[in-house]
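Participant: Fold the following, please.
(chains A, B, C and D, ligands or ions: 4)
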Amino acid sequence: MIRLTHVTKEYARTGRALDDVSLHVAKGEFVFLTGPSGSGKSTLLKLIFMEERPTLGEVRVSGINSATLHRGDVAQLRRKLGVVFQDFRLLDDRTAHANVAFALEVTGAAEPSVPAKVSRLLMQVGLASKGLAYPQELSGGEQQRVAIARALVNDPFVLIADEPTGNLDDRATRGVFQLLREINAAGTAVVMATHNLELLRRSEYRTIDMLHGRIVSDTADPSAAERAAARIVEDDETARFPGDAGPKGQTSAAARSRTTA
Amino acid sequence: MIRLTHVTKEYARTGRALDDVSLHVAKGEFVFLTGPSGSGKSTLLKLIFMEERPTLGEVRVSGINSATLHRGDVAQLRRKLGVVFQDFRLLDDRTAHANVAFALEVTGAAEPSVPAKVSRLLMQVGLASKGLAYPQELSGGEQQRVAIARALVNDPFVLIADEPTGNLDDRATRGVFQLLREINAAGTAVVMATHNLELLRRSEYRTIDMLHGRIVSDTADPSAAERAAARIVEDDETARFPGDAGPKGQTSAAARSRTTA
Amino acid sequence: MRLALREVLLAVRRAPLLSALGVITIAFSLFAFGLFGLVAINIRDALRQVESRVEIRAFIADATPIEAIVTAVGDIGEFPEVAHVDYVSPDSALARARRELGEFADVFEAGVLPGSIEIRLKQDFRDPRSVKMIAARVGSYSFVDDVRYGEDWVAKLYQIRTIATIVGVVLGLAFAIVAVIIIGTTIRMAVLARAREIGIMRLVGATDAFVRLPFLIDGFVKGVLGGFLALGLTWLASSLIDRALGFQTVFFSTGFAALGVLGGALIGLAGSAISVGRQLRRV
Amino acid sequence: MRLALREVLLAVRRAPLLSALGVITIAFSLFAFGLFGLVAINIRDALRQVESRVEIRAFIADATPIEAIVTAVGDIGEFPEVAHVDYVSPDSALARARRELGEFADVFEAGVLPGSIEIRLKQDFRDPRSVKMIAARVGSYSFVDDVRYGEDWVAKLYQIRTIATIVGVVLGLAFAIVAVIIIGTTIRMAVLARAREIGIMRLVGATDAFVRLPFLIDGFVKGVLGGFLALGLTWLASSLIDRALGFQTVFFSTGFAALGVLGGALIGLAGSAISVGRQLRRV
Ligand SMILES: Nc1ncnc2c1ncn2[C@@H]1O[C@H](COP(=O)(O)OP(=O)(O)OP(=O)(O)O)[C@@H](O)[C@H]1O
Ligand SMILES: Nc1ncnc2c1ncn2[C@@H]1O[C@H](COP(=O)(O)OP(=O)(O)OP(=O)(O)O)[C@@H](O)[C@H]1O
Ligand SMILES: [Mg+2]
Ligand SMILES: [Mg+2]
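Facilitator: Ligands and ions are numbered 1, 2, ... in the order given. Got it, this is the predicted structure:
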């Protein structure tokens, strides 16, 4: 389904954002991605929906391989994925309704079925009355929910959500999380990056914890933590990645929270 | 300092975002603003830094009155305010350092002093090593911290922060909050909209809770809650404001959290 | 396709001023082009009129019998290169000289002019070489005193035509290039202004063709509108010039005008295709 | 100011292609303007040369003694309106007629031409009314047979000059308007493309003047560069045309060229000022 093998992503100006990451997400799985700011969560997600290509290694998503990728493949892949971007990325010149409809229209969906489906989804995220508002006329949380509705509208087989509740209050967060659980129950795999530790604590889903571009713990693969810890200690001296997230080798926030919980 | 008197803000397409709000924030105060998504927090803040003008009522900030405002006044006011926008609003074609420096340069600050001050602030938000990166090259949380640094760089007398920790992990959130407390201790008033209930619970600062464009509770003015509740019940039938945030009359999330805590 | 048309409408509604300005820019470019084209075809037309007067004049010896002349005129009229032959008697030669030379008429108060045969050539045989050949043939009649055909004049005529054509083509191409640059820039700026939007469309699964189509239609429609506007402007300018100069200039034929509009559309299309293609790869 | 200059540099670095295209567009507009200006001043120049040949010719009776003629020539030379007087003897008249009429030289094989006094007028007295008055005065000499001064010709000359001036001014203005539109559009698009940035600058306390200055400097610099480029192009075109036509056309004087560049700068400045002002109120 989704498989990353020894993926490294290096940016010219900011250095290594991902460092030798291997990961497999099975069909219908629900995966949390956590880690401090700048640890590489968004970069990992960008590799999955092929906004970025790996510097080293290989990303495979539903049979499409990053190494042998054609331009046309990407569009085909994205029609089957749903993505909630950290910065929403709504089309400013379209209403909320049109924004959601657009994602359905590019897949060539039969036009008559579009409005009803879009309205249903907007209702599910609690925006039934805001369909005709433009993004600038929506509050931060409302925009975020439009982005969520758009990601879900074409019944994706994988949903990728980058911090989808950062601008939502507790109640809306729980509503959105409930929605994600439901579509996961219907067979859609979900990969969700989040800082919301409460969500992690409350659910029993697989959780991958990142630090400095590496996976430092994975509840589905407990050995990953030890391996990572060993590696971090090992090249602590030579690591050039900025230490914004705190002293090297420290266990990350999410890992600690689970330990104390 | 900041005084809103019977302020109503009506948008042509989405209706009433603020409904008869009166509020006073004194010099050096620290105020939390909470409430569900779409309840009018950002709109209230926009009125304070005069990005929007009230439909009815009057906003006064440090002697400048929204009703008798000149175009030139706004620029003068904003130089003395610091604003962290919910959507960051960084200049895409400038580095993180230049973005922060810009806010200082428009005030006509002596040029030689700028770089040192900017670097010190970037260090305080944990971005010392990312000064030369452009916004697109930064993670969501890193961009948010640049926005925070920019808001603080010209030693504002009021800091307005709209969801300044939505993209930050727990540790970074605590760091930023500590920073805000410090500058508040030095005399700067802080008005901060947030969904982070943990921050509210942990601190003893004044908290204003909003719902449907109204202030439903204010820890500095306990009577506000009763007044608001009465009003909400009273015009529940006629209220045209969309009920995205849940059934009318319900106590909001923050209020509940304080009750249960 | 319906979707693409909606996208174009959106593009126009999104920036009506910019779209209008785009059309006006295209129209002005094509207008400048058209104006020069008009000048060019009018110069050509004027040249053709002057050219049709290219003639060979054979002066006839004083005592030649009129029958010999008539026979010769008949013979010459049979030459395949000859369009028209005329006999000008000494009297009518004098009358015409007075009329044509106007100011210098006083010169001829007492003049005597010889009779002559005037020959006009067909379109295709007016080049210096043919003229010279036919002049030689006419000169072989025994009663012909002298043959004049303004060697210099014919050569100069061709030179002017060549220069006019070159200047016309060079200026025309220069303006066409300007038009393409302006159209390309307009679309490029539109693409740049919408770079974010285009990126988002891509991210939700729009193919390149889907993203490109509205821009192409946009360029095409603007080209057509600009073409029609330019046609109207050119026509207006031409009739204004007609009124100012007091005579009828030549205008483009309908087919040529249609070709101009089509050309505008193609320029618009090409401009947007190049621009969009280049920009899309970057966005 | 130093800050504003840095903003301009940023603007150029941000969109080098767009900036270059802006300059080229301005240059092309001014180039078109310059080309027409050049045509106009060359037509004017040619007209002035033709005009300077406006002359009155008094034909002299056959038996007039040469002394009387010399006295008359002296007298006429004293008229304040007269620039130059010449006596043309019958012999030199014939020689000149042969030379000037070229093709029609054969006409004069046996001709006899009368002597004449030729009068050229000063610049300010070449209008039809003055010419007529002086002709009447010259005609009052007893030995003058006839006075000719081409009434029609003088009138027509003035008509052509008027038309040329009108056409020149109209075309010049049209192109100036096009230039302003293009420059304005370029800047407007730049402002639109940067609407978000400008909004942010405002939100962190930049004044309108601060936001506007870089655009004004941008317009000014582009105008100056465009002006110089246009000057170069015009000069190139003019010397190419000189080579093609084989004679020296008139080019702008240095002062006029500088005025053109300054004009370009002012157009750039005005275009950006209008555009930025209008857009800023909206952003
Ligand atoms: N397009 C880019 N160009 C250069 N560097 C980048 C780019 N995108 C991300 N980076 C760098 O890669 C690192 C990881 O970024 P990423 O966005 O993956 O972090 P994140 O885990 O999503 O953080 P956050 O929780 O703050 O969103 C950051 O330090 C960032 O500076
Ligand atoms: N520029 C605008 N034009 C029209 N309507 C607007 C505009 N800005 C906000 N609104 C509307 O006003 C209401 C309040 O919005 P506001 O942004 O103040 O909410 P908020 O409390 O900040 O919510 P969030 O927590 O989601 O950021 C929303 O329903 C929104 O649709
Ligand atoms: Mg991220
Ligand atoms: Mg908000």
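Participant: biggest helix in chain A by residues?
Facilitator: Counting by DSSP state H, the longest helix found in chain A is helix A:170-185.
Participant: Residue of the stretch 151-283 of chain C nearest ligand 1, please.
Facilitator: Proximity to ligand 1, evaluated over the stretch 151-283 of chain C using CB to the nearest ligand atom, is greatest for C:Gly199 at 12.4 Å. For glycine as for every other residue, the C-beta is placed from the backbone atoms N, C-alpha and C.
Participant: can you tell if the longest helix of chain A touches chain B?
Facilitator: Yes - judged by CB under 8 Å from any CB of the partner chain, helix A:170-185 comes into contact with chain B at A:170-173.
Participant: What average pLDDT does the helix or strand that A:Leu44 is a member of get?
Facilitator: Secondary-structure element containing A:Leu44, defined by DSSP states H and E: helix A:41-48. Averaged across helix A:41-48, pLDDT comes to 96.
Participant: What lies in contact with it?
Facilitator: Applying CB atoms under 8 Å, 6 or more residues apart in numbering or on different chains, the external contacts of helix A:41-48 come out as A:2, A:4, A:7, A:9, A:17-18, A:21, A:23, A:33-35, A:52-54, A:59, A:61, A:66, A:81, A:83, A:86, A:158, A:160, A:162, A:191, A:193, A:210, A:213, B:139-140.
Participant: Just the buried residues out of the residues you listed, in PyMOL syntax.
Facilitator: The PyMOL selection below is limited to those of these classed as buried (16 or more other CB atoms under 10 Å in any protein chain shown):
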select buried, (chain A and resi 2+4+7+9+17+18+21+23+33+34+35+52+54+59+61+66+81+83+86+158+160+162+191+193+210+213) or (chain B and resi 139+140)
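Participant: Out of the contacts of helix A:41-48, which are close to ligand 1?
Facilitator: A:17, A:35, A:86, B:139-140 (CB under 6 Å from any ligand atom).
Participant: Buried residues, the one helix or strand the residue of the stretch 151-283 of chain C closest to ligand 1 maps to. List them.
Facilitator: Under the criterion of DSSP H and E, C:Gly199 resides in helix C:195-203. Neighbour counts using 16+ other CB under 10 Å place C:197-198, C:200-203 of helix C:195-203 among the buried residues.
Participant: next SSE after that helix?
Facilitator: helix C:208-245.
Participant: Backbone dihedrals for the residue in the stretch 101-250 of chain C positioned nearest to chain A, please?
Facilitator: Distances between the stretch 101-250 of chain C and chain A by CB to the nearest CB are smallest at C:Gly205, namely 3.7 Å. Here is the backbone geometry of C:Gly205 (degrees, to the nearest 10): phi 100, psi 10.
Participant: Just the pLDDT for it.
Facilitator: Reported pLDDT for C:Gly205: 89.
Participant: Verify the stated contact: it with A:Phe102.
Facilitator: No - assessed by CB atoms under 8 Å, C:Gly205 is found out of contact with A:Phe102, at 9.7 Å.
Participant: So between those two, which is more surrounded?
Facilitator: Per other CB atoms under 10 Å in any protein chain shown, whichever of C:Gly205 and A:Phe102 has more neighbours is C:Gly205, with 26 against 22.
Participant: measure that one to B:Thr165 for me?
Facilitator: 33 Å (CB to CB, to the nearest Å).
Participant: just to revisit the earlier point, can you put the residues of helix A:170-185 next to chain B in CSV and add neighbour count, distance to A:Glu29 and pLDDT?
Facilitator: Formatted as CSV, those follow (neighbours: other CB atoms under 10 Å in any protein chain shown; distance: CB to CB, whole Å; pLDDT from 0 to 100):
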residue, neighbour count, distance to A:Glu29, pLDDT
A:Asp170, 20, 26, 88
A:Arg171, 18, 27, 88
A:Ala172, 26, 25, 88
A:Thr173, 22, 21, 91
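Participant: Among those residues, pick out the one closest to D:Ile60, please.
Facilitator: Checking the residues of helix A:170-185 next to chain B against D:Ile60 with CB to CB, the nearest one is A:Ala172 at 111.8 Å.
Participant: Thanks again, I'm all set now.
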